[in-house]
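Visitor: Just need the structure, nothing else, for what follows:
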Amino acid sequence: MSFEGKTVLVTGSTSGIGRAAAERFGRQGAQVIVTGRDETRGREVTAAVEAGGGKGRFIAADLSEPDGAQQLAAQAGRVDVLVNNAGIFPFGASHEIPIDQVRATLDFNVIAPFTLVAALVPGMLERGSGVIVNVSTMVASFGNPGMSAYGASKAALELLTKAWAAEYGPQGIRVNAVAPGPTRTPGVEGAGDMIDQLAKTLPLQRPAEAGEIADAIVYLASDDASFVTGAIVPVDGGRVAV
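Guide: Next up is the predicted model:
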């Protein structure tokens, strides 16, 4: 598995799953575009990518801004692999979530990836190759209390995964998604014991580490998955089996 000569853009790569993926791509020789709002963490991840043998580049990007995704795509230039990892996840009963927060979730989790794909796919089409990997969630496929807005946004992303695979497959572009189960990341540190409670519903009876999800992302982006497209790959500790 090698990404020598490939440019990989990982959104939300200053921490958690995105950071783990960025570092793994770097170890496989990729030029990795690290993105996020925190420049200090971005520089730290870029240094880690380079320490692992890859090339790192940081672009400060705020995908919650109306033109954030478009600006990121313009600054990124050529991208061979796009990983739509960045996401927000408001928790709470549907009647308690402010409607502007629902709109923000859809904008961040659906519109931003759509915008990036629309901006970067033309270059992939010209080259006749490219890979897109979307990061979804296990709760995109079943109802879970308190996760309606988040789950709905990721269900939309899974449909886009299949639509883009059908649209662009004939031109040599593969599009897949990973659907993680509960995963320990800095972004869920404030969720109390929710992660552990969700993990108890899994056959493996534990949360994932960020690197375990990142390994699946890197596989789907690699030539080892050359005949895999339009797939939603569960990386959920067996939740799909029960």
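Visitor: going forward, measure contacts and count neighbours with C-alpha atoms only.
Guide: Fine.
Visitor: How many neighbouring residues does the residue nearest to residue 204 when sequence neighbours are not counted have?
Guide: Counting by C-alpha to C-alpha, 6 or more residues apart in numbering, residue 204 lies nearest to residue 237, which is 5.2 Å off, once chain neighbours are set aside. For residue 237, the neighbour count with other C-alpha atoms under 10 Å is 19.
Visitor: I'd assumed residue 237 was in a strand, is it?
Guide: No: under DSSP: H, G, I helix; E, B strand; the rest coil, residue 237 falls outside any strand and is assigned coil.
Visitor: got a list of what it touches?
Guide: Residues in contact with residue 237 (C-alpha atoms under 8 Å, 6 or more residues apart in numbering) are 181, 202-208.
Visitor: If you count neighbours, what's buried in the helix or strand harbouring residue 216?
Guide: Using DSSP states H and E, residue 216 falls within helix 210-221. Going by neighbour count (16 or more other C-alpha atoms under 10 Å), the buried part of helix 210-221 is 210-218, 220-221.
Visitor: any chance of the residues you listed in a markdown table, plus distance to residue 108?
Guide: Formatted as a markdown table, the buried residues of helix 210-221 follow (distance: C-alpha to C-alpha, whole Å):
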| residue | distance to residue 108 |
| --- | --- |
| 210 | 21 |
| 211 | 23 |
| 212 | 24 |
| 213 | 21 |
| 214 | 21 |
| 215 | 24 |
| 216 | 23 |
| 217 | 20 |
| 218 | 23 |
| 220 | 23 |
| 221 | 22 |
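Visitor: if we take these, which one ends up nearest to residue 28?
Guide: Of all the buried residues of helix 210-221, residue 28 sits closest to residue 218, with 9.4 Å by C-alpha to C-alpha.
Visitor: so what's the closest one up against?
Guide: Residues in contact with residue 218 (C-alpha under 8 Å, 6+ apart) are 21, 24-25.
Visitor: redo that, cut-off 6 Å
Guide: By C-alpha atoms under 6 Å, 6 or more residues apart in numbering, the contact list for residue 218 is empty.
Visitor: Next, the buried residues of the one helix or strand residue 126 maps to.
Guide: If you go by DSSP H and E, residue 126 is part of helix 112-127. Neighbour counts over helix 112-127 (16+ other C-alpha under 10 Å) mark 112-117, 119-121, 124 as buried.
Visitor: can you pull out the strands in the protein?
Guide: 7-10, 31-36, 55-60, 81-84, 130-135, 173-180, 183-184, 208-209, 232-235 (DSSP state E).
Visitor: how about the longest one: buried residues?
Guide: If you call a residue buried by 16+ other C-alpha under 10 Å, then strand 173-180 has these buried ones: 173-180.
Visitor: Just the angle for it relative to helix 112-127, thanks.
Guide: 150 degrees (axes from the mean of the first three to the mean of the last three C-alpha atoms, to 10 degrees).
Visitor: Relative to strand 173-180, what are the paired strands and their orientations?
Guide: Paired strands of strand 173-180, with direction, are strand 130-135 (parallel), strand 232-235 (parallel) (DSSP bridges).
Visitor: Tally up the residues packed near residue 80, please.
Guide: 24.
Visitor: what's the closest of the buried residues of helix 112-127 to residue 58?
Guide: For the buried residues of helix 112-127, the closest approach to residue 58 (C-alpha to C-alpha) belongs to residue 116, at 16.7 Å.
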